[in-house]
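S.K.: Here is the input, now give the coordinates:
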Amino acid sequence: MDSTASDTLATQTPAMDPQTAQILFEQGAMFIIMDFPEGAEFGIDYNSWIVGPNFKGVKMIPPGIHFISFSSKDKDDQLGPRTGFFCNFTPKEIVVRRWDVKMEAVSDQPVSGEELERFENNREELDRFLGPYPYDKYKQWVSLTNHISKDVLSLLQPDGGIIYSVAQFESEASTTQSRRAAALEEEVMDTDSASKAKKPKLPKLKTVAGTKIKYTSIPKKKYPDGATPAEISKYSLDSSYTLDLLLNERFGKDINILLGEIQYAFVCFLIGQNYDSFEQWKKLVHLLCTSGDAITQYPEAYSSFISILHFQIREIPSDFFVDIVTSSNFLTATLHELFQNLLGDHVDPKLRKKGLSFQKHLTDKFKWDFMSEPDEFAPVVVDC
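M.R.: As a prediction, the model looks like this:
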């Protein structure tokens with residue numbers, strides 16, 4: 001992700017041909033941020049900038065789903081945690097948000113109709129304060145988000161709409177009764193361990209309502225009721241039953257929505273810097289990679305899944321690979337299972353060919369070894 005310091009984003013020119021520029025000028029959307037502080041960081045999709053005093057937003061935004069992000073500066077001139085949100089722009093739409101200086105966040109107060117009309121009537125005057133959308137990376141953005149539909153957004157978005165890089169907690173409300181119960185519990189603990197040093201009281205925290213992403217919970221059930229020993233063994237290794245259960249319960253059997261959640265989680269991790277999203281991405285990638293039977297059932301979806309992984313791995317910064325993504329050999333071990341499943345009987349030949357091409361690409365680029373068995377699957381030798 002680029003981070004370019006500039007006096008003002010509006011001084012940049014879009015890297016696009018005149019015809020595309022004209023189309024986006026006429027059909028593109030605008031995002032206006034009122035009262036945004038100088039020196040703070042503003043981002044849209046891949047790109048982020050330290051903005052100057054004249055910055056008021058972005059113009060010529062291609063219609064569709066985009067991710068807007070912000071980071072304010074503290075009194076020591078250090079950028080704070082990132083926040084952001086997805087926005088589904090329609091052609092020629094003007095989206096206006098106001099920066100809350102006290103809260104150092106985007107205000108949740110709606111902009112009045114009169115203000116929107118004023119911005120609509122002053123498009124030409126606003127133009128010089130708006131930076132052009134960085135179109136040179138638009139195709140890359142589409143490759144990361146082409147399965148994130150309106151249905152995916154409505155399913156996953158936090159109630160407050162904001163994605164936080166740092167979890168939002170608040171102290172639990174207490175009553176006289178709950179305080180008495182806590183005091184009694186503490187008294188019992190002190191009696192049981194009188195010799196131990198008394199621990200300091202810590203406030204009980206809970207996640208602030210409306211701030212949690214509504215990610216899909218993966219069913220813990222691995223095999224059907226009444227399964228035979230052979231079926232239990234099979235589905236303990238093959239996650240296809242769990243995948244089908246999830247698709248039926250959560251997605252109305254539409255596996256494309258699941259692919260959208262994988263992309264949503266990846267964007268929230270890579271750009272939104274939300275670590276919980278990385279954990280969700282790992283769970284869903286592992287689920288699909290270990291579902292052998294599903295590969296023959298959903299060949300088109302798995303072809304899309306391979307494309308999704310190709311574009312995602314290409315965009316992960318190298319330091320992320322070293323420190324986070326390849327920790328415990330997650331990717332190599334998980335993809336090893338995918339490539340083994342693609343060699344199974346009745347797998348679509350085009351899908352198998354695409355998978356093997358992807359495997360070769362990863363081996364050539366990262367020197368990953370998919371031919372030998374990962375350590376976690378190696379037989380255990382027990383000394384007698």
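S.K.: what about residue 257, which SS state?
M.R.: helix (DSSP: H, G, I helix; E, B strand; the rest coil).
S.K.: Now do the same contact list for it.
M.R.: 149, 151, 152, 155, 251 (C-beta atoms under 8 Å, 6 or more residues apart in numbering). Using the backbone N, CA and C atoms, a C-beta is placed for each residue, glycine as well.
S.K.: how about 10 Å then?
M.R.: 147, 148, 149, 151, 152, 155, 156, 216, 247, 250, 251, 264 (C-beta atoms under 10 Å, 6 or more residues apart in numbering).
S.K.: Show me what the host helix or strand of residue 336 is packed against.
M.R.: Using DSSP states H and E, residue 336 sits within helix 330-341. Applying 3 or more C-beta pairs under 10 Å, 6 or more residues apart in numbering; DSSP states H and E, we find helix 330-341 packed against helix 275-289, helix 292-297, helix 299-315, helix 349-366.
S.K.: Would you mind listing the buried residues in the last one?
M.R.: Of the residues in helix 349-366, those with enough neighbours to count as buried (16 or more other C-beta atoms under 10 Å) are 351, 352, 354, 355, 358, 359, 362.
S.K.: What is the burial count for the residue nearest to residue 120 when sequence neighbours are not counted?
M.R.: Leaving out its chain neighbours, the residue that sits closest to residue 120 by C-beta to C-beta, 6 or more residues apart in numbering is residue 94, at 6.1 Å. Neighbourhood size, residue 94 [other C-beta atoms under 10 Å]: 18.
S.K.: show me what contacts residue 94?
M.R.: 29-32, 57, 59, 111, 116-117, 119-120, 123, 126.
S.K.: same thing but 7 Å
M.R.: 30, 32, 116, 119, 120 (C-beta atoms under 7 Å, 6 or more residues apart in numbering).
S.K.: And for residue 288?
M.R.: residue 305 are the contacts of residue 288 under C-beta under 7 Å, 6+ apart.
S.K.: Neighbour-wise, give me the winner out of the contacts of residue 94.
M.R.: Each of the contacts of residue 94 was scored for neighbours by other C-beta under 10 Å, and residue 30 scores highest at 23 neighbours.
S.K.: give me the element that one is part of.
M.R.: strand 29-34.
S.K.: Low-confidence ranges, the stretch 51-200 of the chain, go.
M.R.: 168-169, 171-200 (pLDDT under 70).
S.K.: check which helix or strand covers residue 206.
M.R.: strand 205-207.
S.K.: would you list every one of the strands in the stretch 151-300 of the chain?
M.R.: 163-164, 169-171, 205-207 (DSSP state E, counting those that start in this stretch).
S.K.: what's the shortest one packed up against?
M.R.: The reference is to strand 163-164. strand 83-89 (3 or more C-beta pairs under 7 Å, 6 or more residues apart in numbering; DSSP states H and E).
S.K.: and the strand it packs on, which residues are buried?
M.R.: Neighbour-count burial for strand 83-89 [16+ other C-beta under 10 Å]: 83, 84, 85, 86, 87, 89.
S.K.: Next, format those residues as JSON lines and append distance to residue 346.
M.R.: Below are the buried residues of strand 83-89 laid out as JSON lines (distance: C-beta to C-beta, whole Å):
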{"residue": "83", "distance to residue 346": "47"}
{"residue": "84", "distance to residue 346": "43"}
{"residue": "85", "distance to residue 346": "43"}
{"residue": "86", "distance to residue 346": "38"}
{"residue": "87", "distance to residue 346": "43"}
{"residue": "89", "distance to residue 346": "43"}
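S.K.: Could you single out the nearest of those residues to residue 334?
M.R.: Nearest to residue 334 out of these is residue 86 (C-beta to C-beta; 26.6 Å).
S.K.: I'd say residue 210 and residue 158 touch.
M.R.: Yes. In this structure residue 210 lies within contact range of residue 158 using C-beta atoms under 7 Å: 5.9 Å.
S.K.: Tell me which of the two has more neighbours.
M.R.: residue 158 (17 against 12).
S.K.: Who are the contact partners of the more buried one?
M.R.: Counted by C-beta under 7 Å, 6+ apart, residue 158 has contacts 210, 211, 212, 213, 214.
S.K.: Let me have those in a markdown table, adding distance to residue 163 as columns.
M.R.: As requested, the contacts of residue 158 are exported to a markdown table (distance: C-beta to C-beta, whole Å):
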| residue | distance to residue 163 |
| --- | --- |
| 210 | 12 |
| 211 | 9 |
| 212 | 10 |
| 213 | 7 |
| 214 | 12 |
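S.K.: Now do the buried residues in the helix holding residue 336.
M.R.: 331, 333, 334, 335, 336, 337, 338, 339, 341.
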